[in-house]
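Student: Okay, sequence plus prediction incoming.
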Amino acid sequence: MDVDEAQRKLGAYGRYQMLYYVIICLATNIPACWHMLATFFHGIVPEHHCRVPPGVESTSAAANRSAIPDDVSDPYVRQCFVYVNGSNVTEKCSASWNEWEYSGDVTDTIVSKWDLVCDKAYMVKMSQSILVFGVMTGAMVFSTLGDMFGRKPIFLLCQWLLVIVGTINAYVDDICAYLVLRFLTGALQQGLVVIGTIMVCELFSAKQRTFAGIVIEDFWAACTCALAVLSYLIPNWRHLQLLISLSGILTIPLYWILPESVPWLCANDCYDEAETILRRAAKMNGVVLPKDIFRRRNSDYDDDDNDEKTKMQIFANGEKDSADPERRAKTKKTENFIARYRRLRHQRIRSDSGQTTNRYTLLDLIRHPMLRTHAAVMGSIWLVITYVYYGITLNTKDLAGNRYLNFFLTGLVEIPAYTVSFFVIKTWGRRLPLLCFHILAGVPLIISAFISDTAGGTGLFVLKTACVMIGKFGITASFGIVFLYSPELFPTTLRSQGTGISSFCGRVGNMIAPFATALDVFAPWLSAVVFGTVSVAGGLLVLILPETLNRPLPQSIEEIEQWTTTTTTEKSSAVSAQTTTTTTTRTRISAGVVTETGDDDDVTDPFTTSAKQSDGDHRL
């Protein structure tokens, strides 16, 4: 039997799958979510004004305050200028004065630490953009390393390096060092998300993997809510950063208890170790697997370490040993992941040496009009979604009311959003729900732009916050749909590259999102209007794309060129006869997952790995 059939025999949601699913989801989302969104609290800007310059100080506090232009309506002037010698002439704060004094409920942030206000205020937002640049880098690097060396070692490597990098970041005294470490944090965070998402999806057979890929987002949402609570209890940014970083220490026991991905092992001819894991899972689930799970090959015993004695023992004992995966697995127990990579690399070179199969390239994606349209439109939609999603999340501190409660609510609304999107696309497809959720996000955001916090003495901030949360619900649901929709628009051999281009555009949206509120300098309502307008425009772009509900994943460009924009249930015999391999990308919160879809799914599943993928390539 193949790996997917073996996993189906374990049961749909057995104790083994659900136990490790919860463990990996928590181990992935707690550090990944907290490191990604920590800037929201690290970068809180306290109330501040220029320190009174030398020679102006007085024993009278009122006289000292008279040097501060509190009577000016422009907040930039109030915070960044002082009156000169009691006159109405102002000048900017000077670095030689030890510039600013801070006050308010939160005063210990990176802003007060390095005086990131006035002319240096952009550096707070830049720190988040640098982290996202690290995310883009980490997605490419660690997804490749996960294919080469296995899921488990790269997953744990990212975990423990995040502990080190994050802890150092809590104690640095130089802003440049802080920014460099933020880049490394982004790279490791994305490695954790990429590999973690792959691991949880590879715990299940094809039919359950869409569920696995969606529900992991609910863990992210729950971690967002938890971060709001922790930040309220721990207002000091260094202490909060230290707590976030040291949470990874709890994953040390996973070195002994976390299994390697069974599909990855099978894809790399490590059938003995895969069979050992499956039998342990079967025992935990209370099911019985066949005596010989996988068809044996001579390559199963072809060890490049030339351990002839082990080979002779295996063949001498014949069927007795060939049916004992525990014993065979022990013969390779001392083989570390680097040695295993070298052995597998040698096998791949030998097996690929005689292949002459023609494969599509990136030029084909550009050359064919329909594929070019799919890539351009989907890339634009990804950019819009990430821009609005992170723009709302990172700028909720500008809403009236309690900043911690507002941030908590942005995480809370994601749970029903992902859940609703999962069920809606099973019935209504991708295009119509994606359009509706974009409009649902855009219209309330535009309305919120024209709601004042107060009007006639009555506070309206609750209504404004409600509109923003409805917008967050809509754009989050769109996020959940686009992860499934993107891989379905490209043929098998271009799916990784097509989805990767879309995700890359999404990272661009993520990078510019922290600067979104800079538009409010021109008009206080402008950023919200831009959020809403681009969201509606992104939804309308969906009408250009074809519906993919009930369509098999395309294997060739020719199949896609025959599509119309309406739903079809027609299946070509060449496609329906086999499962296909697809890739999807995850950012945030963006991970890449190699997938295959069973014909019995009514939702095309982009969260499955192939049982045998010789090139093992799912780069972002």
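Tutor: All right, it came through fine.

Student: So, low pLDDT: which residues of the stretch 451-600 of the chain?
Tutor: Applying pLDDT under 70 to the stretch 451-600 of the chain flags the ranges 453-459, 492-493, 495-497, 552-553, 555, 564-600.

Student: And the strands in it, which stretches?
Tutor: 454-455, 458-459, 581-584, 593-596 (DSSP state E, counting those that start in this stretch).

Student: And for the chain?
Tutor: Along the chain, counting by DSSP state E, strands occupy 47-50, 81-83, 90-92, 100-103, 454-455, 458-459, 581-584, 593-596.

Student: What is the burial count for residue 161?
Tutor: Residues near residue 161, counting by other CB atoms under 10 Å, number 17. All C-beta spots, glycine's among them, are computed from the backbone N, C-alpha and C.

Student: how close does it sit to residue 474?
Tutor: 36 Å (CB to CB, to the nearest Å).

Student: again with residue 200
Tutor: In terms of CB to CB, residue 200 sits 26 Å off from residue 474.

Student: How about residue 12?
Tutor: Distance of residue 12 to residue 474, computed by CB to CB: 31 Å.

Student: got it, and residue 545?
Tutor: Noted for residue 545: a distance of 18 Å to residue 474, by CB to CB.

Student: Among these two, which residue is more densely surrounded?
Tutor: Using other CB under 10 Å, the more surrounded residue of residue 545 and residue 474 is residue 474, with 26 against 20.

Student: ok, now which ones touch the more buried one?
Tutor: By CB atoms under 8 Å, 6 or more residues apart in numbering, residue 474 lies in contact with 417, 437-442, 444, 535.

Student: hmm, try it at 10 Å
Tutor: Counting by CB atoms under 10 Å, 6 or more residues apart in numbering, residue 474 touches 388, 413, 417, 421, 436-445, 535, 539.

Student: Out of those, flag the one nearest to residue 211.
Tutor: residue 421 (12.4 Å; CB to CB).

Student: Count the neighbours of that closest one for me.
Tutor: Using other CB under 10 Å, residue 421 has 25 neighbouring residues.

Student: ok, it touching residue 480?
Tutor: Yes: counting by CB atoms under 10 Å, residue 480 is a contact partner of residue 421 at 3.9 Å.

Student: okay, and the common contacts of those two?
Tutor: Counting by CB under 10 Å, 6+ apart, the residues touching both residue 421 and residue 480 are 214, 217, 433-434, 437.

Student: Any chance of a ChimeraX selection covering the buried ones in these?
Tutor: Of the shared contacts of residue 421 and residue 480, the buried ones go into a single ChimeraX selection, burial set by 16 or more other CB atoms under 10 Å:
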select :214,217,433,434,437
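
Student: Just send the shared contacts of residue 421 and residue 480 back as JSON lines, with pLDDT too.
Tutor: Below are the shared contacts of residue 421 and residue 480 laid out as JSON lines (pLDDT from 0 to 100):
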{"residue": "214", "pLDDT": "78"}
{"residue": "217", "pLDDT": "85"}
{"residue": "433", "pLDDT": "91"}
{"residue": "434", "pLDDT": "92"}
{"residue": "437", "pLDDT": "94"}
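
Student: Tell me which of the shared contacts of residue 421 and residue 480 fall in helices.
Tutor: The helices, defined by DSSP state H, take in 214, 217, 433-434, 437 from the shared contacts of residue 421 and residue 480.

Student: Point out where the stretch 151-300 of the chain drops to low pLDDT.
Tutor: The stretch 151-300 of the chain contains residues with pLDDT under 70 at 206, 294-300.

Student: Recalculate using a threshold of 80.
Tutor: Low-confidence segments of the stretch 151-300 of the chain (pLDDT under 80): 198, 201-202, 205-214, 267-269, 289-300.

Student: For it, which segments count as helices?
Tutor: Ranges of helices in the stretch 151-300 of the chain, per DSSP state H, counting those that start in this stretch, are 151-169, 175-201, 209-233, 237-246, 254-257, 262-267, 271-285.

Student: between the ones you listed, which one is nearest to residue 19?
Tutor: Of all the helices of the stretch 151-300 of the chain, helix 271-285 comes closest under CB to CB, at 7.7 Å.

Student: ok now do residue 373, which residues does it touch?
Tutor: Residues near residue 373 by CB under 10 Å, 6+ apart: 489, 544-546.

Student: show me the contacts for the nearest residue to residue 451 once chain neighbours are set aside.
Tutor: Excluding its sequence neighbours, the residue lying closest to residue 451 (CB to CB, 6 or more residues apart in numbering) is residue 464, at 4.3 Å. Residue 464 is in contact with 399-401, 444, 447-453, 528, counting by CB under 10 Å, 6+ apart.

Student: Go again with 7 Å.
Tutor: Going by CB atoms under 7 Å, 6 or more residues apart in numbering, residue 464 touches 399-400, 448, 451, 453.

Student: If you rank these by neighbours, which is first?
Tutor: residue 448 (23 neighbours).

Student: any idea how far that one lies from residue 472?
Tutor: In terms of CB to CB, residue 448 sits 11 Å off from residue 472.
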